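Participant: Sequence and computational prediction follow.
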Amino acid sequence: MTSRPVPTAVSVARPAAGAGPRRPRSGRTQRPAWMGEPSKLGFGARGLVLGLGCLAVLVPFWAVLVTSIASPEEINRAGGFVLWTNEPTLDSYRAVLSGGIVTRALLVSGGITAVGTALSLVTTIALAYALSRPGSLLHKPVLLMTVFTLLFNPGIIPMYLTVKQLGLLDNYLALILPVLVNAFNVIVMRAFFQGIPGELRESAHMDGAGEIRILLRIVLPLSKAVVSVIGLFYAVAYWNAFFSAMLYLQSSEKFPLQLVLRTYVVNNTPIGSDQLSSNLENLPPQISVQMAILVISVLPILFIYPFIQKHFAKGLMVGAVKG
């Protein structure tokens with residue numbers, strides 16, 4: 001008998017205990033291209049684009065501001081806008097704010113903005129709080145109606161006919177009542193109210209507090225951020241509204257500031273001394289007066305915004321995400 005060869009044992013290398021998968025020798029993890037650190041050229045390109053964007057915003061505003069305080073000689077030499085003045089003067093602001101149509105329009109815009117914002121906040125808070133409670137009266141129909149108005153906007157002609165039938169033509173209420181409640185603001189505020197812990201309401205109910213007291217003492221103090229943001233939205237809308245004033249107001253004495261701005265700046269209508277009621281002997285150049293009106297129409301919103309900027313992102317994003 002022939003003996004068969006005995007197979008030799010082949011040694012197989014086994015990984016050591018606890019050893020994981022091999023990593024690339026370079027030690028670099030694979031990351032998407034958009035998540036990687038940009039090169040020096042990328043940093044430079046971003047800085048260039050950001051700088052050009054800032055210049056595109058700031059240079060026109062700077063030209064408007066400097067032109068409004070420039071002297072007539074500098075405006076005549078420049079032939080229009082002035083980028084730097086060595087002889088600043090406030091004659092254009094004195095002429096605009098000394099009385100006349102611009103001063104009256106400024107008071108009208110301020111009154112409409114203050115009254116309209118207050119009424120809109122009250123109605124929006126009341127509606128949003130009612131819709132945030134599932135057991136409230138007519139909860140689903142009112143919620144569906146609110147969403148419906150958010151998706152479908154009435155046309156200009158039906159809105160004008162409605163205002164006319166209500167007898168609100170040439171009335172300041174025509175600038176407030178048709179836009180008293182904004183559906184988007186109601187949805188955002190409702191979502192914010194829903195994020196407030198329900199245990200706070202339950203404990204207040206156990207102490208004998210009603211819904212109005214809970215809203216005033218518990219909900220609103222916790223909702224300063226969203227109330228500030230919604231108030232800013234309403235204030236900017238009322239302050240910048242000119243189309244509704246152009247439709248519903250017929251007397252020039254009732255024009256708000258934005259309609260005066262459109263008439264004398266956008267349409268380039270000449271402004272006479274009788275319309276400004278100025279006591280100055282020589283009226284400033286037309287472009288200087290126009291730029292002063294433009295600056296006055298922008299400054300109130302610029303002064304209000306820094307006070308509520310810290311609430312802006314929190315009030316809007318938290319309400320939108322939780323909705």
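Facilitator: Looks like it arrived, so ask away. Just so we're clear, the structure is a prediction, and the values are computed from it rather than from any experiment.

Participant: And residue 84, its phi and psi?
Facilitator: phi -150, psi 140 (degrees, to the nearest 10).

Participant: Next one: the closest residue to it other than its chain neighbours, what pLDDT does it get?
Facilitator: In space, and not counting its chain neighbours, residue 84 is closest to residue 66: 6.4 Å by C-beta to C-beta, 6 or more residues apart in numbering. The C-beta positions use only the backbone N, C-alpha and C, and glycine is treated the same way. Looking at residue 66, its pLDDT is 92.

Participant: looking at the chain, which helix or strand does the model trust least?
Facilitator: In the chain, no helix or strand scores lower on mean pLDDT, DSSP states H and E than helix 273-276, which sits at a mean of 70.

Participant: now the most centrally placed residue in the chain: how far from residue 226?
Facilitator: Nearest residue to the geometric centre of the chain (C-alpha atoms, centre = their mean): residue 233, 5.2 Å. Separation of residue 233 from residue 226 (C-beta to C-beta, to the nearest Å): 11 Å.

Participant: ok, residue 293 - how many residues close by?
Facilitator: When neighbours are counted by other C-beta atoms under 10 Å, residue 293 registers 23.

Participant: Contacts only, for it.
Facilitator: 96, 102, 257, 260-261, 264-265 (C-beta atoms under 8 Å, 6 or more residues apart in numbering).

Participant: For it, give its distance to residue 106.
Facilitator: The spacing between residue 293 and residue 106, counted by C-beta to C-beta, is 9 Å.

Participant: tell me, what's touching these two both at once?
Facilitator: Common neighbours of residue 293 and residue 106 (C-beta under 8 Å, 6+ apart) are residue 257.

Participant: any low-confidence regions in the chain?
Facilitator: Residue ranges of the chain with pLDDT under 70: 1-36, 273-274, 277-281, 308-323.

Participant: hmm, back to that, what separation is there between the residue nearest to residue 84 and residue 96?
Facilitator: Residue 66 is 16 Å from residue 96, where distance means C-beta to C-beta.

Participant: Looking at those two, which one has more neighbours?
Facilitator: In this view residue 66 and residue 96 are compared by other C-beta under 10 Å, and residue 96 has more residues nearby, 26 against 18.
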